[in-house]
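[1] based on what follows, work out the 3D shape:
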Amino acid sequence: MLKAIAAAIARLFKIGVGGLRWCENLVLSPFRALFGGGGALPNPEFNPTVTSTELLDEYEANRKAQAALQRSDRDGIECVVKYAAASPAARATTDLSAVPADARLVLLAMDDHELKALAAGGPGRVRKWVEGKNHGIFGVPTVSPASPTNVVPAPSRPPAGMTPQQQMVWRVQSHLGKPDHSKEFRIA
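    Sure, this is the predicted structure:
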């Protein structure tokens, strides 16, 4: 009994769908006659020249390269933020090997105000700063690619007549290669 009722409902459904298709064809037939029949689209031919294994190998290589690049970017950004947010005593022990050389030079020459602004800039702006793009962090100098210059070695001995504290400061400043650091950008 239930099978007969289910079969009757199925027939009514098929008849209803057929009736809807007939109405649709009736309404749309003038438009099809005027603007084109909308027949079956031609099947495009595609003959692959690359095997699936070659395609998968290329995909995996690109994925690994992209993941390594993103990881190195993240390491550099995390390192810059950690260095900028650290206390002056902790900065001396921070490893900056993940930061590109140009950015490292600018980072080491920045004062506390600039480092504080850089740490508060956020990862997107820090990434732009590391890449040398316009970062939009007020008071922080941009990273510019280092131009090849003739490096003149600093004298190995401090000038005579300095106290031991002055000699230590002289050695650190000569090692950095920039005696005054950057004082032109300050957030007050």
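[2] output the helix or strand of the chain with the lowest mean pLDDT as PDB, restricted to C-alpha atoms.
    Per-element confidence for the chain was summarised using mean pLDDT, DSSP states H and E. The lowest value among helices and strands belongs to helix 164-176, with a mean of 78. In PDB, the C-alpha atoms belonging to helix 164-176 read as follows (Å, rounded to 0.1, in the frame of the first residue of the first chain):
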ATOM      1  CA  PRO A 164      88.100  53.800  30.900                       C
ATOM      2  CA  GLN A 165      84.400  54.600  30.600                       C
ATOM      3  CA  GLN A 166      85.100  56.900  27.700                       C
ATOM      4  CA  GLN A 167      87.300  54.300  26.100                       C
ATOM      5  CA  MET A 168      84.400  51.700  26.300                       C
ATOM      6  CA  VAL A 169      82.000  54.100  24.800                       C
ATOM      7  CA  TRP A 170      84.500  54.900  22.000                       C
ATOM      8  CA  ARG A 171      85.000  51.200  21.200                       C
ATOM      9  CA  VAL A 172      81.200  50.600  21.000                       C
ATOM     10  CA  GLN A 173      80.600  53.600  18.900                       C
ATOM     11  CA  SER A 174      83.500  52.800  16.500                       C
ATOM     12  CA  HIS A 175      82.200  49.300  16.300                       C
ATOM     13  CA  LEU A 176      78.700  50.500  15.300                       C
END
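[3] buried set for that helix?
    Across helix 164-176, burial judged by 16 or more other Cβ atoms under 10 Å covers residue 170. Bear in mind the C-beta positions are built from the backbone N, C-alpha and C, glycine included.
[4] how about low-confidence regions in this structure?
    Residues of the chain meeting the criterion pLDDT under 70: 37-42, 69-72, 146-156, 175-188.
[5] show me where it has its helices.
    Per DSSP state H, the chain has helices spanning 2-35, 52-85, 88-91, 101-108, 112-119, 123-131, 164-176. These are given in chain order.
[6] quick check: phi and psi at residue 136.
    The main-chain torsion angles of residue 136 are listed as degrees, to the nearest 10 and equal phi 80, psi 20.
[7] isn't it right up against residue 127?
    No: with contact defined as Cβ atoms under 8 Å, residue 136 and residue 127 do not form a contacting pair (11.9 Å).
[8] which one of the two is surrounded by more residues?
    Under the criterion of other Cβ atoms under 10 Å, the comparison of residue 136 against residue 127 puts residue 127 first, with 17 against 11.
[9] give me every residue that touches the nearest residue to that one once chain neighbours are set aside.
    Beyond its immediate neighbours in the sequence, the residue positioned closest to residue 127 (Cβ to Cβ, 6 or more residues apart in numbering) is residue 77, lying 5.5 Å away. Residues near residue 77 by Cβ atoms under 8 Å, 6 or more residues apart in numbering: 123, 126-127, 130.
[10] many thanks, we can stop here.
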